[in-house]
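# 3D model of this:
(2 chains)
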Amino acid sequence: MDTESKPSTAARRQFLAGTARMACGVGLLGLGVGLYARHARALPPAAIRPPGALAETDFSAACIRCGMCVRDCPFNILHLAKPEQPLSTGTPYFVARQAPCEMCEDIPCVKACPTGALDHALKDINKSKMGLAVLVDHETCLNFLGLRCDICYRVCPVIDKAITLEPQTNARTGKHTLFIPVVHSDHCTGCGKCEKACPTEIAAIKVFPLYMAKGQLSSHYRLGWVEKEKAGGSLVAPDIEHRYNMPEGMTYESGKGLSSDAVPPAPTSGAAPGSATGLPKALQGGKL
Amino acid sequence: MSAPAKPILRPGAEAIAAKGWLAAHKWLLLRRASQLGILLLFLLGPWFGIWIVKGNLNFSYTLNVLPLADPYVIAQSLLARQVPEKLALTGAAIVLLLYLLVGGRAYCSWVCPVNLVTDFAYWLRVRLGLKGSAHISRPTRYWMLGMTLVVATVTGSIAWEMVNPVSMAHRGLIFGMGLAWAVLLAVFLFDLFVMRHGWCGHLCPVGAFYSLIGSFSLTRVKLPARSACNDCMDCFAVCPEPQVIRPALKAIDGAPPVILETNCTNCGRCIDICSKDVFAFGTRFNSTVVPVAGVASAAPK
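Here you go, the predicted model:
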C-alpha cells in the first residue's frame, strides 16, 4: 500500500489494485479458516469435554486453549487437542475408554478455568453433564447375553440413579431373567466410568456428547401416566381392571409372559399384573 | 570500509572489531535468554514438576497469584460474544500494561517461540545466500489481523486459534506437539525459501496486534548519536523490520531521533550491530535532536 502524496490517477489505480489483491487474498484465507472452524463445531463421539463445559458453540468462543484445566486435573485425564485431531485445536477433552473423569467433589478443572468456558456455576459434580452413557451394543453386552456382569452398574458413581438394572424375561431360555442396564439421562454425568470398566474387547456401553446421545420428544407429546398422576385420576375414561382371558392350562406372569408350564392351576382367570406372588424379588421391582 | 580487498564484510564485523564480540551480541544474547528462559519457566512444571508457571502464552498463572492473558485471544473471545471471567480479563489488562511499558512488539522478539524459528530461517537464508523473495506488502499483517477478528465475529468462535502457528508452537512444546511441528516447519520453509522475514514481518496477525499496542508504548530504540552514522548499512541488514529505521536515522521530514514506527520489535539488534553506537534503548519522550554533526566519535552510552 504505497500511497503517494500526490494522488495521480495511476497511483490511485495502483493503490486500489493492491488493496483489492490483498483483501481478496486474505479474504480467501479467512474463508478457509472460517470453514475449518465450522467443521470443528461438532464434537467427535470419542472426545468428551471436562465438567461444566458450555455448549459446543459457546465453548469454542469462550475457551482460550490455555490448558489450565489440564494442569489442575489431579488424575491427568485431560488433553489439549492437537492440530491433526478432529476437534478445535488446543481445546480440552478426555477419552472415557482411556481415562474417565473421576468426579472430584471440588471440581478443580472448573475452578482453574480463567474464562468460564467451564462454567463456574457448576458446584456439584453430580450435576455435571459431560456426556451421556449409552448402551450401544445389545449384542455384546454381557448382561444382554444373560450374564450377571453388572460392572457398569457397579462402577457408576451415581449408582442406582444413573444406571439401574431392569429385569426382563430371557426369551431365549424362557425361564431366566436378563438384568438390563438402563441409563437415566437425568442422573448420568457422562463421566465415562462405565465405558472404561466395560470388560468386553470394545466397550458395549459408551459415553457420547449429549447432542449425539439424547433424543427429544416432540413438544406436543404428553406422558399419559404422568398427566394422570398430576390430575389425580384418569383423564379420559374411568380405569377398568384388566382381565386376561387365558386358554385352558395357560397362565400369565408379569414379566415372563404367557406360559404353559405353570404350576398352580387354581386361579384360572389369571392374576392382575404385578400381583403374582411366586415371582423372584427382582421381578417385583425390588432393588438388587 | 577501509579494506576493499574483502569483498563482503558480514554485518557486524565492524561492531565486533570495535566493541568486542560480547558487546556486539549483548542484546541478542539477552533476547535469546529471555525467549528460552520464558519457555523454560513454562516447561519446568511438565518436565520437572516445578510449578512456577502454569498454562501457556494464551493464559498463564504464575505462582497462583499472577494471571497473564493474551489480549489478542481475549479480544477474539469477546468478538465471538463470550465475556471471560475476571481472572482472564485481569490477565489481559496486566499484559496490555506490560507491553505499553516495554514496547508492543517486544512480545515478538523477546517472548514468542516462533521468533526462534524465523530468526533461524533468516540466518540460514543469509548463510546460503538465498536472494529471491516473494513480494507481499508488510501491511498485509493488518489485513490478516482484521480477517481473524472478522472470522471470530462471524463464526462465533476463536477460529484463528485453530491454525495460529504462534500458540500452536508454544502449546505444542508444553502440552504435546502432535502435527504442530509441520505447521512450524511450513513457517520455517516459507521464511527460508519463499519470503524474507515472511511470517513475522508480513503476515503474522499476532505481531500486528501487538504492534498496535506499540503505537503508545514507552520503551523505544533511540538514536542519540545518529550523526555518528557512517552509512555502513549493518543495522538495515540485521533489522527484521528495516523500514522502521530510516525515518529516525535520516531525520526524514524532521523526524526525532527515536524509532516510533510501531513495527519495531525492540529486539535491540541494531544497538549491538552498530560500531558507532548510534542506537540505544530509551523512552519515546524527550527525543530532542541533541547531537549535532560536530560530535563525532564515541557517543555517550
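
# Flag the shaky bits of the stretch 151-288 of chain A, pLDDT-wise.
Across the stretch 151-288 of chain A, the ranges flagged by pLDDT under 70 are A:239, A:241-242, A:254-256, A:261-288.

# Which stretches in it count as helices?
A:151-155, A:193-197, A:210-213, A:224-231 (DSSP state H, counting those that start in this stretch).

# Return the residues of the stretch 51-200 of chain A in contact with chain B.
Neighbours of chain B within the stretch 51-200 of chain A, by C-beta under 8 Å from any C-beta of the partner chain: A:57-58, A:60-68, A:70-72, A:79-80, A:82-85, A:88-90, A:113-117, A:120. No exception for glycine: its C-beta is placed from N, CA and C like everyone else's.

# which residues touch residue 165?
Picking chain A for this. A:143, A:150, A:153, A:179-182, A:288 (C-beta atoms under 8 Å, 6 or more residues apart in numbering or on different chains).

# hmm, I had chain B in mind actually
B:114, B:180, B:183-184, B:186-187, B:199, B:204.

# Of those, which belong to helices?
Using DSSP state H, B:114, B:180, B:183-184, B:186-187 are the members of these that sit in helices.

# one step back: among the contacts of A:L165, name the buried ones.
For those, a burial check counting by 16 or more other C-beta atoms under 10 Å in any protein chain shown picks out A:143, A:153, A:179, A:181.

# For the second one, which non-adjacent residue is closest in space?
Here the nearest residue to A:Y153 in space, its sequence neighbours aside, is A:I163; by C-beta to C-beta, 6 or more residues apart in numbering or on different chains that works out to 4.8 Å.

# what number of residues lie near the one you found?
A:I163: 25 surrounding residues under other C-beta atoms under 10 Å in any protein chain shown.

# for it, which residues make a bridge with it?
Beta-bridge partners recorded for A:I163 (DSSP bridges): A:I159, A:V183.

# pretty sure it contacts A:C194?
Yes - assessed by C-beta atoms under 8 Å, A:I163 is found in contact with A:C194 at 6.6 Å.

# Going through the contacts of B:P165, which ones are buried?
When the contacts of B:P165 are checked against 16+ other C-beta under 10 Å, the ones flagged as buried are B:114, B:180, B:183-184, B:187, B:199, B:204.

# out of those residues, which one sits closest to chain A?
B:A180 (5.3 Å; C-beta to the nearest C-beta).

# Return the residues in contact with that closest one.
Taking C-beta under 8 Å, 6+ apart, one finds A:82-83, B:165, B:168-169, B:171-172 in contact with B:A180.

# Could you check which residue of the stretch 51-200 of chain A lies nearest chain B?
For the stretch 51-200 of chain A, C-beta to the nearest C-beta, closest residue to chain B: A:K82, 2.5 Å.

# what phi and what psi does the backbone show at B:T283?
phi -100, psi 170 (degrees, to the nearest 10).

# can I assume it is in contact with B:T219?
Yes - using C-beta under 8 Å, B:T283 is in contact with B:T219, at 6.6 Å.

# what about those two, which has more around it?
Taking neighbours as other C-beta under 10 Å, B:T283 and B:T219 compare with B:T219 leading, 18 against 13.

# residues touching A:A23, list them.
B:W143.

# Which pLDDT does the model give it?
pLDDT, A:A23: 86.

# ok, now B:R10?
pLDDT at B:R10 comes out at 77.

# Just say helix, strand or coil for it.
coil (DSSP: H, G, I helix; E, B strand; the rest coil).

# distance of it from chain A?
For B:R10, the distance to chain A equals 31 Å [C-beta to the nearest C-beta, to the nearest Å].

# What separation do you get for that residue and B:N230?
17 Å (C-beta to C-beta, to the nearest Å).

# Tell me where chain A has strands.
Per DSSP state E, chain A has strands spanning A:79-80, A:92-93, A:132-135, A:163-170, A:176-183, A:205-208, A:251-253, A:257-259. These are given in chain order.

# Report the inter-axis angle for the fifth one versus strand A:163-170.
Meaning strand A:176-183. 150 degrees (axes from the mean of the first three to the mean of the last three C-alpha atoms, to 10 degrees).

# now do the same end-to-end measure for stretch B:62-78.
The stretch stretch B:62-78 measures 24 Å between its terminal residues, going by C-alpha to C-alpha, to the nearest Å.

# in that stretch, what counts as buried?
B:67-78.

# got any ranges where the stretch 1-150 of chain A has weak pLDDT?
A:1-7.

# Could you rerun that using 90?
Applying pLDDT under 90 to the stretch 1-150 of chain A flags the ranges A:1-27, A:32-46, A:55-57, A:82-89.

# same deal with the stretch 201-301 of chain B?
Those would be B:214-217, B:222-238, B:242, B:246-261, B:273-280, B:282-301, if you go by pLDDT under 90 across the stretch 201-301 of chain B.

# now do 50
Scanning the stretch 201-301 of chain B for pLDDT under 50 picks out the ranges B:291-301.

# now the helices: where do they sit in it?
B:205-214, B:234-238, B:245-249, B:269-273.

# Show me the one of these that comes nearest chain A.
helix B:205-214 (9.6 Å).

# Buried residues, the closest one. List them.
Result for helix B:205-214 [16+ other C-beta under 10 Å]: buried residues B:205-211, B:213-214.

# Please apply the same query to stretch B:108-120.
Buried, per 16+ other C-beta under 10 Å, within stretch B:108-120: B:108-119.

# Farthest-apart pair in these, please.
B:W110 and B:V117 (15.1 Å; C-beta to C-beta).

# who touches both of A:I163 and A:C194?
Contacts common to A:I163 and A:C194, judged by C-beta under 8 Å, 6+ apart, are A:133, A:152-153, A:156, A:181.

# Could you export these as JSON lines, including distance to B:L40?
Shown next, in JSON lines, are the shared contacts of A:I163 and A:C194 (distance: C-beta to C-beta, whole Å):
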{"residue": "A:A133", "distance to B:L40": "42"}
{"residue": "A:C152", "distance to B:L40": "45"}
{"residue": "A:Y153", "distance to B:L40": "48"}
{"residue": "A:C156", "distance to B:L40": "43"}
{"residue": "A:P181", "distance to B:L40": "50"}
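
# Tell me the one among these nearest to A:I107.
A:C156 (18.4 Å).

# Could you report the separation of the closest one from A:G174?
30 Å.

# which residue sits closest to the residue in the stretch 51-200 of chain B that chain A sits nearest to, ignoring its sequence neighbours?
Closest to chain A within the stretch 51-200 of chain B is B:G178: 2.5 Å, counting by C-beta to the nearest C-beta. In space, and not counting its chain neighbours, B:G178 is closest to A:K82: 2.5 Å by C-beta to C-beta, 6+ apart.

# How about the contacts made by that neighbour?
Per C-beta under 8 Å, 6+ apart, neighbours of A:K82: A:89, B:172, B:176-180.

# and if you look at B:C274?
By C-beta under 8 Å, 6+ apart, the neighbours of B:C274 are B:15, B:234-235.

# Can you show me the strands along the stretch 151-300 of chain B?
Ranges of strands in the stretch 151-300 of chain B, per DSSP state E, counting those that start in this stretch, are B:219-222, B:280-283.

# picking that back up, next, give me the two most distant ones among the shared contacts of A:I163 and A:C194.
Among those, A:A133 and A:Y153 lie farthest apart (C-beta to C-beta), at 10.9 Å.

# So B:L223 versus B:C264, what's the distance?
For B:L223, the distance to B:C264 equals 12 Å [C-beta to C-beta].

# So for the two, which sits in the more crowded spot?
Between B:L223 and B:C264, B:L223 has the larger neighbour count (other C-beta under 10 Å), namely 30 against 27.

# my guess is that one contacts B:P257, does it?
Yes - counting by C-beta under 8 Å, B:L223 does reach B:P257; the two are 4.0 Å apart.

# Mutual contacts of these two, please.
B:A248.

# need the contact list for A:C73.
Residues in contact with A:C73, defined by C-beta under 8 Å, 6+ apart, are A:50, A:108-109.
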